[in-house]
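Engineer: Here's my sequence, what's the structure:
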Amino acid sequence: MKNALPVLFLFLLSYQALAQTEDEKMIKAIFDKTLTDGQAYDNLDYLTNKIGARLSGSPQAAAAVEWSKQLMESYGFDKVYLQEVMVPHWVRGTREKARIVNSDKLGTREVNVRALGNSVGTGSKGVLAEVVEVMGLDELENLGKKNIEGKIVFFNRPMDQTQIATFSAYGGAVDQRGSGPSEAAKYGAIGVVVRSVATVSDDFPHTGSLRYKDDLPKIPAVAISTNDADVLAKALKSSPGLKFYFETYCEMLPDVLSYNVIAEMTGTEKPDEIIVVGGHLDSWDLGTGAHDDGSGCVQSIEVLRTLKEIGYKPKRTLRAVMFMNEENGLRGGTIYAEIAKEKGENHISALESDSGGFSPRGFRMTGDENSIKLLSSWRPIFEPYGIYEFGLPGGGADIGPLNKSQGTLIIGLMPDSQRYFDYHHTDNDTFDKVNKRELHLGAAGMTALVYMMDKYGVK
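Structural biologist: Predicted coordinates:
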């Protein structure tokens, strides 16, 4: 027995070394294939430049559904199908107008604004009122109704530039966009202007969703570019009683039928265990949604395409899901999780790419502690490809409902984030801002992680 233990130990070490060598070879093959023969960039070109912006309920969103279905069918996956989802249908209408009025030094000055998603419009009458500047929601209560009623509230808290993790900075500023209009309405405001949630100083307003409270008046709201927010703030200091005017034509129409688009490679050994990889097919109507989230969609399709091209037969069922309506409703992700629960499907993990098509730096995870430890132990074989961040909390909006309903391990691809909020939700989010090599590195990293999860499971 004493002699047997060292032999067994050596055998296990040899087996581990062999397995690691096989995995390293496979992951290199994945990166080699994607970087030399990847189709994600060309697919993104078509999605963004031929179809364009894809706001839920729009003809372009419907075209994107049909395009992604046909594309995945052309790759010969085992199944490709549509999953019905009713989505909100908000339309922007005629382009917005806004100006600073009665400034002692500026006089009247045109500024760049865009309506916030799901906002009501002003129509041709517009909104004209004095402006109250605040840096956060908590200041509203201190000002009270007497200082806010009949006025426009200007939320001017910037993203914290000292935070290296830009998504954390975004999370620290976005509440004034999402909740600000209803909170301001509580005190009698008649309109809201929100500083764009961005790291960059420029003239592009950043849109995004607001969430009205049903028991409060719905007042119109716009985002103002960071440059013009600074102009407005400076003007208020020299002319405290100045007025602001904005005009929007947006409206919410009845819900319409749309679809999640799903492709499968059926597992050969454990087909009832499902690994999802996905992005959201919808985008805002500004720009063409190249980083948010056309990149995530074409990367997710590329995961299955690459594995099929190199002849890999998955043990578990792999699904690529193009979710619909992440931007202003999250209906696609919610419905997907509901149907999965009704069917008793077992999703062991879900990986989403929704942070742009920049160079991958790692994966963030939410789920079982042992699963996170296992995936984090794979870090050494990803490090040669610049992927080193494992285990920090995260995931993705569309796959979050799976975690809530099934406890599924959810994972978010984390690219370098320093440029993402230059483009997020703007007219500037276009195909020319995406680098082919960076996009394909992200797709390869996702493919490699899916391969590892399929081979070893997640527990």
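Engineer: quick one, what contacts the residue most central in space within the chain?
Structural biologist: In the chain, the residue lying closest to the centroid (C-alpha atoms, centre = their mean) is D354, at 3.8 Å. With contact set as C-beta atoms under 8 Å, 6 or more residues apart in numbering, D354 has these partners: 279-280, 292-293, 296, 326, 396-398, 412. Quick note: C-beta positions are derived from backbone N, CA and C, even for glycine.
Engineer: Inside strands: which ones of these?
Structural biologist: Taking DSSP state E, the ones among the contacts of D354 that sit in strands are 279-280, 412.
Engineer: Can you flag the buried ones in those?
Structural biologist: Those of those that meet the buried threshold are 279-280, 412, by 16 or more other C-beta atoms under 10 Å.
Engineer: Now render these as JSON lines, adding pLDDT and distance to T288.
Structural biologist: Formatted as JSON lines, those follow (pLDDT from 0 to 100; distance: C-beta to C-beta, whole Å):
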{"residue": "G279", "pLDDT": "98", "distance to T288": "15"}
{"residue": "H280", "pLDDT": "98", "distance to T288": "14"}
{"residue": "G412", "pLDDT": "98", "distance to T288": "23"}
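Engineer: Am I right that the residue nearest to the centre of the chain sits in a helix?
Structural biologist: No. Counting by DSSP: H, G, I helix; E, B strand; the rest coil, D354 falls outside a helix, being coil.
Engineer: Read off the pLDDT value for it.
Structural biologist: Listed pLDDT for D354 reads 98.
Engineer: on that earlier part again, quick check: of the buried ones among the ones in strands among the contacts of D354, which lies closest to G123?
Structural biologist: Nearest to G123 among those, counting by C-beta to C-beta, is H280 at 30.9 Å.
Engineer: could you show me where the helices are in the stretch 151-300 of the chain, in order?
Structural biologist: Counting by DSSP state H, counting those that start in this stretch, one finds helices in the stretch 151-300 of the chain at the ranges 166-173, 175-178, 180-185, 226-238, 295-309.
Engineer: what does the second one rub up against?
Structural biologist: So that's helix 175-178. Contacts for helix 175-178 (C-beta under 8 Å, 6+ apart): 116, 136-137, 155, 157, 194-195, 197, 208-211, 223.
Engineer: Turn those into CSV, columns for neighbour count.
Structural biologist: Output for those, formatted as CSV (neighbours: other C-beta atoms under 10 Å):
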residue, neighbour count
L116, 27
G136, 15
L137, 15
F155, 29
R157, 19
V194, 30
R195, 27
V197, 26
G208, 22
S209, 20
L210, 26
R211, 13
A223, 31
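Engineer: from these, which ones fall inside strands?
Structural biologist: Using DSSP E, the contacts of helix 175-178 in strands are 155, 194-195, 223.
Engineer: still on that earlier bit, any idea which of the contacts of helix 175-178 is least confident?
Structural biologist: Note: of these, the lowest pLDDT belongs to G136, at 93.
Engineer: what about the closest residue to it other than its chain neighbours, distance to D282?
Structural biologist: Leaving aside its chain neighbours, G136 sits nearest to R157 (5.3 Å; criterion: C-beta to C-beta, 6 or more residues apart in numbering). Counting by C-beta to C-beta, to the nearest Å, the separation of R157 from D282 is 28 Å.
Engineer: Would you format the buried ones among the ones in strands among the contacts of D354 as a markdown table with distance to I387 included?
Structural biologist: Shown next, in a markdown table, are these (distance: C-beta to C-beta, whole Å):
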| residue | distance to I387 |
| --- | --- |
| G279 | 18 |
| H280 | 23 |
| G412 | 13 |
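Engineer: Flag the shaky bits of this structure, pLDDT-wise.
Structural biologist: For the chain, applying pLDDT under 70 flags the ranges 1-20, 103-106.
Engineer: try 90
Structural biologist: Counting by pLDDT under 90, the ranges of the chain that qualify are 1-21, 102-108, 240-241, 391-392.
Engineer: tell me the domain ranges of it?
Structural biologist: For the chain, automatic domain parsing gives the domain ranges 28-89+254-456, 93-249.
Engineer: looking at the ones you listed, which is buried most?
Structural biologist: The highest average neighbour count among the domains of the chain, using mean count of other C-beta atoms under 10 Å, belongs to domain 28-89+254-456 at a mean of 21.
Engineer: Pull the distance from that one to the chain's centre.
Structural biologist: Chain-centre distance of domain 28-89+254-456: 10 Å, with C-alpha atoms, centre = their mean, to the nearest Å.
Engineer: For it, measure first residue to last.
Structural biologist: Its start and end residues considered, domain 28-89+254-456 measures 18 Å (C-alpha to C-alpha, to the nearest Å).
Engineer: that older thread, OK, contacts around the residue nearest to G136?
Structural biologist: R157 sits in contact with 134-136, 173, 176, 195, where contact means C-beta under 8 Å, 6+ apart.
Engineer: about what we covered before: any chance of the contacts of D354 in a markdown table, plus distance to R95?
Structural biologist: Converted to a markdown table, the contacts of D354 look like this (distance: C-beta to C-beta, whole Å):
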| residue | distance to R95 |
| --- | --- |
| G279 | 28 |
| H280 | 25 |
| D292 | 21 |
| D293 | 24 |
| G296 | 28 |
| E326 | 24 |
| G396 | 32 |
| A397 | 28 |
| D398 | 30 |
| G412 | 34 |
